[in-house]
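> this is a predicted model, with the sequence first.
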Amino acid sequence: MLKTLFPTLGRFRLSVQLLMLIVTVYGSLFVGSYMADKLSNALPALSCAYDQMNGGYCVLIPTQHILHHRIGEAMVRAQQLTLTMVLPLLLSFAVFFAFFFVLGKAFCGWICPLGTLQEVLGRIGRRFGIAPRRFAAGDLGRVQRVRPVKWLLLLGLVFLLPLLTGLGVTPHALGNPYCDVCPARLATTLLTGNTEQFAVALDDKVKFALGASANFLFGFIVLGALAIRQPFCRICPLLAFNSLAQRLSPLRLLKTQQSACGKCTICSEACPMDIPEISQQEGRKAYNEDCTLCGRCAEYCPQDGNIQLKWGPFALFSSRRAYYKARIAGELPDGSVKPLRFVRAVAAPAKRDA
């Protein structure tokens with residue numbers, strides 16, 4: 001058995017997630033709102049700008065604002081792109097890539113506050129006996145039908161509509177449409193005691209539609225996360241944004257094919273994103289666009305050294321059979337755990353001999 005302070009990679013990641021949840025939601029309480037604003041406004045995680053106590057904004061909000069207020073409106077005034085229009089966007093991307101280079105897509109699996117909240121809700125659901133629902137192992141067709149959604153949201157809500165609004169084509173209310181429907185805005189501000197973001201505007205049809213959509217999506221995520229692992233992560237445009245640059249970070253998933261690969265499919269079962277390629281492919285093909293580098297596939301691979309989390313030439317974690325045996329003693333690959341019991345079972349009285 002593993003008897004260390006953090007006996008499993010999963011528990012260590014949960015500790016990092018909870019710490020980063022505090023930093024991203026309440027960070028300004030420790031460093032001050034001025035310093036928090038100056039530290040970063042381009043995090044590769046859904047740290048919401050509407051949260052008045054956060055420790056940095058996610059890259060999607062400055063991207064929308066720059067496209068809306070700078071590039072789009074400047075194109076109308078000047079009818080051409082200049083360095084003064086493009087430079088702010090390039091600076092935001094530069095900050096994003098600086099952060100992304102260090103941890104890559106692990107921002108999704110280890111730091112994103114919305115991802116952490118979904119995992120916590122999932123753990124609560126499993127503790128109360130709600131069986132996790134997932135795609136069948138190897139069901140690549142159904143998974144592939146969901147994957148384009150995050151790209152459509154990124155292109156439509158983050159890039160296209162803000163730009164069209166800046167050009168005067170679409171209403172002003174569509175200046176930052178993704179943030180208006182993002183469940184992270186409601187979730188993280190609610191954690192600070194702010195309920196204003198749940199209010200729905202009645203004086204504007206577009207704002208009303210966006211606000212109602214946000215509330216519906218938030219409710220769906222809260223309830224869905226009790227039974228579906230990472231329901232919003234599957235369609236998150238920031239996951240798509242991070243996928244564009246996943247090859248640029250030295251932090252990556254490495255898998256070497258073995259004779260048993262593709263037969264047990266335990267790694268795909270352990271994956272909270274239900275990625276079938278991890279059990280079917282090797283090398284770069286196994287490191288799919290949906291991967292959040294959570295490391296569960298490596299934790300639950302029963303083959304020594306078959307799946308690794310690496311930073312450059314350094315192996316941070318490698319699959320081990322002994323680790324796998326100890327891990328499944330407390331939690332099954334699909335996340336199932338022993339449900340909570342509020343009443344202790346009483347043994348039936350022994351029958352007396354006649």
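Sure thing, it's come through.
> kindly tell me how buried G125 is, as a neighbour count.
Neighbours of G125 under the rule other C-beta atoms under 10 Å: 21. Using the backbone N, CA and C atoms, a C-beta is placed for each residue, glycine as well.
> can you check R133 too?
Counted with other C-beta under 10 Å, the neighbours of R133 add up to 12.
> residues in contact with the closest residue to it other than its chain neighbours?
The spatially closest residue to R133, leaving aside those adjacent along the chain, is A227, at 5.0 Å (C-beta to C-beta, 6 or more residues apart in numbering). Taking C-beta atoms under 8 Å, 6 or more residues apart in numbering as the criterion, A227 is in contact with G122, G125, I130, A131, P132, R133.
> ok, T116 next?
When the contact criterion is C-beta under 8 Å, 6+ apart, the partners of T116 are Q17, L18, M20, L21.
> in what helix or strand does it lie?
helix 113-127 (DSSP states H and E).
> quick one: mean pLDDT for the host helix or strand of A187?
Secondary-structure assignment from DSSP H and E places A187 in helix 183-191. In this model, helix 183-191 has a mean pLDDT of 94.
> if we can go back for a sec, in JSON lines: the contacts of A227, plus pLDDT.
Formatted as JSON lines, the entries for the contacts of A227 read as follows, by pLDDT from 0 to 100:
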{"residue": "G122", "pLDDT": "93"}
{"residue": "G125", "pLDDT": "92"}
{"residue": "I130", "pLDDT": "87"}
{"residue": "A131", "pLDDT": "81"}
{"residue": "P132", "pLDDT": "82"}
{"residue": "R133", "pLDDT": "81"}
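> quickly note the distance from the closest residue to V95 other than its chain neighbours to F241.
Leaving out its chain neighbours, the residue that sits closest to V95 by C-beta to C-beta, 6+ apart is A42, at 3.9 Å. Relative to F241, A42 is positioned 11 Å away (criterion: C-beta to C-beta, to the nearest Å).
> now do R147
The value you get for R147 to F241, if C-beta to C-beta is used, is 14 Å.
> quick one, which of these two is more surrounded?
Applying other C-beta under 10 Å to R147 and F241 shows that F241 carries more neighbours, namely 21 against 18.
> ok so that one is a helix residue?
Yes - using DSSP: H, G, I helix; E, B strand; the rest coil, the secondary structure at F241 is a helix.
> check contacts around it.
F241 makes contact with P44, V59, L60, L154, V158, according to C-beta under 8 Å, 6+ apart.
> same list (those) but as JSON lines, adding distance to C264 and secondary structure.
Conversion of these to JSON lines gives the following (distance: C-beta to C-beta, whole Å; DSSP: H, G, I helix; E, B strand; the rest coil):
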{"residue": "P44", "distance to C264": "33", "secondary structure": "coil"}
{"residue": "V59", "distance to C264": "38", "secondary structure": "coil"}
{"residue": "L60", "distance to C264": "38", "secondary structure": "helix"}
{"residue": "L154", "distance to C264": "34", "secondary structure": "helix"}
{"residue": "V158", "distance to C264": "38", "secondary structure": "helix"}
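> where does this protein have low pLDDT?
Using pLDDT under 70 as the threshold, the predicted model of the chain has low-confidence ranges 1-6, 34-40, 77-85, 135-141, 262, 338-354.
> quick one: the strands in it?
Secondary structure of the chain by DSSP state E: the strands cover 251-255, 307-311, 314-318.
> most tightly surrounded among those strands?
Of the strands of the chain, the one with the most neighbours on average (mean count of other C-beta atoms under 10 Å) is strand 251-255, at a mean of 21.
> if we can go back for a sec, which one of the contacts of F241 is nearest to R327?
Within the set of the contacts of F241, P44 lies nearest R327; the separation is 28.1 Å, counting by C-beta to C-beta.
> would you map the helices across the stretch 101-250 of the chain?
With DSSP state H, counting those that start in this stretch, the ranges of helices along the stretch 101-250 of the chain come out as 106, 113-127, 140-146, 148-153, 161-166, 177-181, 183-191, 205-224, 237-243.
> report the contact partners of the residue nearest to V149 when sequence neighbours are not counted.
Closest residue in space to V149, ignoring its immediate chain neighbours: I235 at 4.2 Å, by C-beta to C-beta, 6+ apart. Each residue near I235 by C-beta under 8 Å, 6+ apart is listed here: V146, V149, K150, L153.
> for PyMOL, write the selection for the buried entries among those.
To isolate the buried subset of these in PyMOL, counting by 16 or more other C-beta atoms under 10 Å, use the following:
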select buried, resi 150+153
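> how about the contacts of I235 in CSV, adding distance to Q257?
Below are the contacts of I235 laid out as CSV (distance: C-beta to C-beta, whole Å):
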residue, distance to Q257
V146, 26
V149, 30
K150, 28
L153, 33
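> for the contacts of I235, which one is nearest C108?
Checking the contacts of I235 against C108 with C-beta to C-beta, the nearest one is K150 at 11.2 Å.
> that closest one touches C236, doesn't it?
Yes - using C-beta atoms under 8 Å, K150 and C236 qualify as a contacting pair, with a distance of 5.7 Å.
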